[in-house]
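K.L.:
okay, sequence plus prediction incoming.
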Amino acid sequence: MQVWTCVVCGFIYDEVAGMPEEGIAAGTRWADIPDDWACPDCGVAKADFEMVAV
Amino acid sequence: MEPIVIIGSGLAGYTLARELRKLDKTTPLVIITADDGRAYSKPMLSNALAQGKSADQIASALAPAVAAQLNAEVLTHSRVEQIDPAARTVRVAQRVIAYSKLVLALGADPVRPQLAGDAADQVLSVNDLLDYARFREQIANGKRVTILGGGLIGCEFANDLSGAGHHVDVVHPALYPLDRLLPEAAAQDLQRGLAGVGVVWHLGHTAVAVNRAATGYVVTLDDGKVLETDVVLSAIGLRPRTQLAQAAGLQVARGIVVNRGLATSQSDVFALGDCAEVNGHVLPYVLPLMAQARALAANLSGTPTQVVYPAMPVMVKTPACPVAVATVAGEVAGSWQVDCSDDGVCALYQDGNEILHGFALTGKQAGQRQALARQLPALMP
Ligand SMILES: Cc1cc2nc3c(=O)[nH]c(=O)nc-3n(C[C@H](O)[C@H](O)[C@H](O)COP(=O)(O)OP(=O)(O)OC[C@H]3O[C@@H](n4cnc5c(N)ncnc54)[C@H](O)[C@@H]3O)c2cc1C
Ligand SMILES: [Zn+2]
């Protein structure tokens, strides 16, 4: 399990915690998040801007 | 056919180009920029120091790589001097470039503080990669930094600089930081959080002069107090770049005036990002710019589309006290319900019927932002 951060705004996605409130279950890997998903803080689409592992 | 011309290679210009290429792979596209055309994420400028990142490390791609990826021509170090909407041309140095459609993605200029003193011209601001490189060079030789302005960018830099081991003074005219966005209790929590990592506040004051000292500078405040410092950073605000549009006769208010289709008052001229005033809103943040880019890309490729703004909370990147804020759209009669705990401040702005219209969350409470944002009315449905 890894932690990822949005390269545009610094939003943190923790694979362990997931984002249950966004319909993404705890334990969901970054790779398994759909490409049309957008960063909740800045709106950048996953397909456009890679998150980087921290 | 004449190309679509975009002026500006910031997040607005490049995001629009990327969105456009999803819908239209072939129309010739020319991007003209005054800077070096490197792609970078501007929000990183205020949280990259503590991570030890150089300007080169922040940049994600050089102009030729972006041009190849976008199937576009990127003209770097080219400042557009004039646009002629009647002739459908722009002038760059000795060249005249014709367009079929023109997009202004010009960004905003930092407001310069009014200062006396023999070092007033040494005051820096950080609004692009080049500024960041210069700033990082200067702070390498000096431990003490004085920040003018305790708004969003000033607070973020204060946190980042203290994390990078600098002594930070912040001079801010209001009695608490981020006063344009936050109710008092939330602002005070941010103030405490930043003080906790060593930031020294000078609230209720402005700087009036900056002078050279034996080492570094002295900043004089309006009450006569002096701060010794090595670098002065100004973060007192941004003003949309409207001069080019105004000179061309486009309608301009706080920003370049555009409708919900991102069209200016002249046909086939559009604007987005920090330079634009969209249906009365000037929102210099990434989330609105992304929404604008998607709508404008659709319009440019022939599908009439109006930009839609959901509620768009802003995150303040201050790890010492994270803040999420959704400002109240327009005039809504109501009041703040403030709840403070060890977890931070949860301030909710509700009307008489307990409908939520805005919020300010600090510390761990900021984690609720997405759940609460869903309860907010859309800014522009
Ligand atoms: C330090 C900092 C931190 C921020 N943090 C956040 C954050 O956490 N979240 C968030 O949502 N927003 C944040 N923002 C705001 C966000 O970064 C901006 O809203 C966004 O980057 C604006 O992009 P833009 O393309 O409109 O403008 P810019 O990036 O300023 O781009 C303007 C472009 O136009 C070009 N240009 C201007 N005039 C001419 C001319 N005459 N001819 C040719 N080219 C020209 C410039 O060279 C440049 O390429 C932050 C801003 C700053 C400064
Ligand atoms: Zn993001």
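P.N.:
It's in. Because the structure is a prediction, the values reported are computed rather than measured. Ligands and ions are numbered 1, 2, ... in the order given.
K.L.:
what comes up buried for the worst-scoring helix or strand of chain B on mean pLDDT?
P.N.:
Least confident helix or strand of chain B, by mean pLDDT, DSSP states H and E, is helix B:369-373 with a mean of 88. Buried positions in helix B:369-373, judged by neighbour count with 16 or more other CB atoms under 10 Å in any protein chain shown: B:Arg369, B:Leu372, B:Ala373. From N, CA and C alone the C-beta is placed, and that goes for glycine too.
K.L.:
show me what that helix packs onto, helices and strands only.
P.N.:
Packing partners of helix B:369-373 (3 or more CB pairs under 8 Å, 6 or more residues apart in numbering or on different chains; DSSP states H and E): strand B:323-326, strand B:356-362.
K.L.:
what is the distance between it and the centre of its chain?
P.N.:
22 Å (CA atoms, centre = their mean, to the nearest Å).
K.L.:
just the C-alphas of it, formatted as CSV.
P.N.:
The C-alpha trace of helix B:369-373 is given here as CSV (Å, rounded to 0.1, in the frame of the first residue of the first chain):
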residue,chain,number,x,y,z
ARG,B,369,-14.5,19.1,3.2
GLN,B,370,-15.8,16.8,0.5
ALA,B,371,-18.7,15.6,2.4
LEU,B,372,-19.7,19.1,3.3
ALA,B,373,-19.0,20.5,-0.2
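K.L.:
re the thing from before, of all the buried residues of helix B:369-373, which comes closest to B:Gly163?
P.N.:
Relative to B:Gly163, the closest of the buried residues of helix B:369-373 is B:Arg369; by CB to CB it sits at 22.6 Å.
K.L.:
isn't that closest one right next to B:Pro313, touching?
P.N.:
Yes: assessed by CB atoms under 8 Å, B:Arg369 is found in contact with B:Pro313 at 5.0 Å.
K.L.:
overlap in contacts of these two?
P.N.:
B:Ala324, B:Ala326, B:Phe359 (CB atoms under 8 Å, 6 or more residues apart in numbering or on different chains).
K.L.:
which one of these is nearest to ligand 1?
P.N.:
Ligand 1 has its nearest neighbour among those in B:Ala324, at 11.3 Å by CB to the nearest ligand atom.
K.L.:
who are the neighbours in contact with that closest one?
P.N.:
Going by CB under 8 Å, 6+ apart, B:Ala324 touches B:Pro313, B:Val314, B:Met315, B:Val316, B:Phe359, B:Ala360, B:Leu361, B:Ala366, B:Gln368, B:Arg369.
K.L.:
may I have the phi/psi pair for the closest residue to B:Ala50 other than its chain neighbours?
P.N.:
Spatial nearest neighbour of B:Ala50, chain neighbours left out: B:Gly163 (3.4 Å); criterion: CB to CB, 6 or more residues apart in numbering or on different chains. Backbone torsions for B:Gly163, taken as degrees, to the nearest 10, come to phi -70, psi -30.
K.L.:
save the shared contacts of B:Arg369 and B:Pro313 as CSV, and put in pLDDT too.
P.N.:
Below are those laid out as CSV (pLDDT from 0 to 100):
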residue, pLDDT
B:Ala324, 94
B:Ala326, 95
B:Phe359, 97
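K.L.:
got those residues as CSV, with distance to ligand 1 columns?
P.N.:
What follows is the shared contacts of B:Arg369 and B:Pro313, written out as CSV (distance: CB to the nearest ligand atom, whole Å):
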residue, distance to ligand 1
B:Ala324, 11
B:Ala326, 13
B:Phe359, 17
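K.L.:
what does the least confident helix or strand of chain B contact?
P.N.:
Applying CB under 8 Å, 6+ apart, the external contacts of helix B:369-373 come out as A:19, A:21-22, A:40, B:310-313, B:315, B:324, B:326, B:348, B:356, B:359, B:361.
K.L.:
please repeat the previous calculation with a cut-off of 6 Å.
P.N.:
A:Glu21, A:Pro40, B:Ala311, B:Pro313, B:Ala324, B:Phe359, B:Leu361 (CB atoms under 6 Å, 6 or more residues apart in numbering or on different chains).
K.L.:
for the fourth one, which residues are in contact?
P.N.:
So that's B:Pro313. B:Ala324, B:Ala326, B:Arg369, B:Ala373.
K.L.:
neighbours around the residue of the stretch 251-381 of chain B found nearest ligand 2, how many?
P.N.:
Using CB to the ion, B:Val286 is the residue of the stretch 251-381 of chain B that sits closest to ligand 2, at 7.0 Å. Around B:Val286 sit 25 other residues, with neighbours defined as other CB atoms under 10 Å in any protein chain shown.
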